[in-house]
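Peer 1: could you work out the structure for the sequence below:
(2 chains)
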Number of protein chains: 2
Amino acid sequence: MEGKEISRAVIKRLPRYHRYLDELMEAGVERISSSELSHRMHVTASQIRQDLNHFGGFGQQGYGYNVEFLYREISKILGLDAVKNMIIIGGGNIGQALANFESFKKRGFVTIGIFDNSPQVIGKTISGVPVMDIAHLETFIENHEVSIAVLTVPKSVAPQIAERVVSCGVRAIWNFAHTDLHIGEKVVIENVHLSDSLMQLSYRLSALPEVKNG
Amino acid sequence: MEGKEISRAVIKRLPRYHRYLDELMEAGVERISSSELSHRMHVTASQIRQDLNHFGGFGQQGYGYNVEFLYREISKILGLDAVKNMIIIGGGNIGQALANFESFKKRGFVTIGIFDNSPQVIGKTISGVPVMDIAHLETFIENHEVSIAVLTVPKSVAPQIAERVVSCGVRAIWNFAHTDLHIGEKVVIENVHLSDSLMQLSYRLSALPEVKNG
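Peer 2: Residues are numbered from 1 along each chain as shown, chains lettered A, B, ... in the order given. As a prediction, the model looks like this:
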C-alpha cells in the first residue's frame, strides 16, 4: 500500500466499517451484501464499493462480503494486527478515563505508562498502569517501545510536551489538549476537540425549528 | 438565520474559529487580517471570508476582523450566549471526566445531573453534581430544563436510553457510546467515537514511511 494516497475521507470511514462489521459479527451475521451494509451505515452501496476498492475490493459479485474476512482485512489496514504501546501524558480525569477504556486494549492499544507533574497523582496506579513523574518521560521512552503518545495536558504546555515526545522518536500523537498541534510531516497527529463537538451540537440545536409547547 | 442551510463543513469550522479567536483574545490581539488568521488556522483566507459571509461577513476591507467582536458573534451563532443545561447518563470514567471539564462551564454548558444504575455511584457527588438513579431520569427531565443529554453508557443500552430522553422532550444528544445513533429529524446528535479517532491515528501511523534506525 505504500505510496498510494488514500484520502482523509476514506480513512475516516474505515473505523466505521470496522465498528459495523464488529457489530455484525457479534450478531452472528456471516455475510452481508453491500446494499445491506450501506443501509445500516447510511452511506451508498457504491460508496462502500469505491472505498473498499482502494484496498483491493474484498467483495464477490452476487455473494457480498464475508463479514469476518472483511473485518480482519480492515483491521490489518488500520494497523490493528500489531500491539501498539501508548503512554498518556496528563493523569487528570480524561487521562484516567482513557487509561480505563477496555475497548482500546481489545484493539491492540496498550497503555504502558502515565505521566504527570503533580505529586498528588505520581506514584498512583490507574487500571494497573503506574503514574510516573513527567521528569522521567525521556528515559522511559528510550527504554520502551512507545508508538503513541496521548496528550491530556493543558493547552499551554501541549506544544512543548509534543516536541519532547517527538524528539525521543514517538511518531504518533493523540491530542486532547484544546489546541491544534502542527508538527512536521514525519509525525501523525489526531486532534480530539471535545468542546468543538459540543459546540457543533449547540449550533445544530439552535438551528432546529422551535417546537410549540402544549 | 432560520431556513438557511449551512453545510456541515462550515459548522465544523465554526468551533475552530471560536477557539482561535479565544486564543487571540488571551494573547491580547485586538484585530487580525483574514490572511493572518488563515495562516494560523491553516485554511485559506478566501475560505475564512466565505465561511463568515454565511453569517453576514463581520470583516472590514483594509481593517480585518475585530477579534472580540468576531468572537462574540461566533459565540452567538453557536448558541453559546445562552446557558444550556446538560445531564450525563453514565457515571463511569468518561462521564466523570466530562462532568469535571471547566471549559464546558465557561461556554455555558452546565451539568445539572448525572444518572447511573450502579448502587456504587448513585448518591455520590461529582464536581458538585449529584449522581442519581437512572430510574428517576424521566421525573428529573420533566422538572428541569434539560437541553442536552450526554450518553456515556454501553452501546447495548444507548439506543434505548436515547429514546427515553427524547420522549421526555430532550432535543440534543451528545453520544459517546460506541455506536451511531439515528433518531428522527427533530433531534440533533453528535456521535463522539474516540476509538474511531484512535484507529485513524493508527492507520496514518502505519502508512508513514519507515525511518531507518541508527
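Peer 1: elements contacting the lengthiest helix in chain A?
Peer 2: Longest helix in chain A by number of residues, with DSSP state H as the criterion: helix A:8-26. If you count contacts as 3 or more C-beta pairs under 8 Å, 6 or more residues apart in numbering or on different chains; DSSP states H and E, helix A:8-26 packs onto helix A:34-41, helix A:45-53, helix A:67-77, helix B:194-207. Heads up, the C-betas are built off the backbone N, CA and C, glycines and all.
Peer 1: which of the ones you listed is buried the deepest?
Peer 2: helix B:194-207 (a mean of 22; mean count of other C-beta atoms under 10 Å in any protein chain shown).
Peer 1: A:Met86 belongs to a helix, doesn't it?
Peer 2: No: counting by DSSP: H, G, I helix; E, B strand; the rest coil, A:Met86 falls outside a helix, being strand.
Peer 1: may I ask you to confirm that it is in contact with A:Ile112?
Peer 2: Yes: using C-beta atoms under 8 Å, A:Met86 is in contact with A:Ile112, at 7.0 Å.
Peer 1: could I get the helices and strands packed on helix A:8-26 as a markdown table with distance to A:Glu138?
Peer 2: Below are the helices and strands packed on helix A:8-26 laid out as a markdown table (distance: least, C-beta to C-beta, whole Å):
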| stretch | distance to A:Glu138 |
| --- | --- |
| helix A:34-41 | 43 |
| helix A:45-53 | 40 |
| helix A:67-77 | 32 |
| helix B:194-207 | 21 |
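Peer 1: mind checking those helices for the one nearest to B:Val146?
Peer 2: Among the helices and strands packed on helix A:8-26, helix B:194-207 comes nearest to B:Val146, with 24.1 Å by C-beta to C-beta.
Peer 1: who does the longest strand anywhere in chain A pair up with?
Peer 2: Using DSSP state E, we find that the single longest strand of chain A is strand A:109-116. Next to strand A:109-116 in the sheet, as set by DSSP bridges, lie strand A:84-89 (parallel), strand A:129-133 (parallel).
Peer 1: now mean pLDDT too, for those, in a markdown table please.
Peer 2: Converted to a markdown table, the strands paired with strand A:109-116 look like this (pLDDT from 0 to 100):
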| stretch | mean pLDDT |
| --- | --- |
| strand A:84-89 | 98 |
| strand A:129-133 | 97 |
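Peer 1: of those, flag the one that's most buried.
Peer 2: Among the strands paired with strand A:109-116, highest average neighbours (mean count of other C-beta under 10 Å) belong to strand A:84-89, with a mean of 23.
Peer 1: what angle do helix B:194-207 and it make with each other?
Peer 2: Computed by axes from the mean of the first three to the mean of the last three C-alpha atoms, to 10 degrees, the angle separating strand A:84-89 from helix B:194-207 equals 120 degrees.
Peer 1: what residues does strand A:84-89 touch?
Peer 2: A:95, A:98-99, A:104, A:108-116, A:129, A:134, A:137, A:140-141, A:144-153, A:161, A:165, A:174, B:202, B:205 (C-beta atoms under 8 Å, 6 or more residues apart in numbering or on different chains).
Peer 1: report the buried members of the residues you listed.
Peer 2: Using 16 or more other C-beta atoms under 10 Å in any protein chain shown as the burial test, these include A:95, A:98-99, A:104, A:108-109, A:111, A:113-116, A:129, A:134, A:137, A:140-141, A:146-153, A:161, A:165, A:174, B:202, B:205 as buried.
Peer 1: which secondary structure element is home to A:Val170?
Peer 2: Assigned by DSSP states H and E, A:Val170 belongs to neither a helix nor a strand.
Peer 1: any weak-confidence spans in chain A?
Peer 2: Counting by pLDDT under 70, chain A contains low-confidence ranges at A:1-4, A:57, A:59-61, A:211-214.
Peer 1: can you spell out the domain ranges of it, please?
Peer 2: Domain segmentation of chain A under automatic domain parsing yields A:8-77, A:84-197.
Peer 1: one step back: buried residues, the longest helix of chain A. List them.
Peer 2: A:10-11, A:13-24.
Peer 1: can you show me the CA trace of that helix as CSV?
Peer 2: Extracted C-alpha coordinates of helix A:8-26, given in CSV (Å, rounded to 0.1, in the frame of the first residue of the first chain):
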residue,chain,number,x,y,z
ARG,A,8,-8.8,11.6,4.6
ALA,A,9,-12.4,11.0,3.9
VAL,A,10,-11.8,7.3,3.2
ILE,A,11,-9.6,7.0,6.2
LYS,A,12,-12.3,8.5,8.4
ARG,A,13,-14.8,5.9,7.2
LEU,A,14,-12.6,2.8,7.7
PRO,A,15,-13.1,2.8,11.5
ARG,A,16,-16.8,3.0,10.9
TYR,A,17,-16.7,-0.1,8.7
HIS,A,18,-14.7,-1.8,11.4
ARG,A,19,-17.2,-0.8,14.0
TYR,A,20,-20.2,-2.0,12.0
LEU,A,21,-18.5,-5.3,11.0
ASP,A,22,-17.7,-5.8,14.7
GLU,A,23,-21.4,-5.4,15.5
LEU,A,24,-22.4,-7.8,12.7
MET,A,25,-20.0,-10.4,13.9
GLU,A,26,-21.4,-10.0,17.5
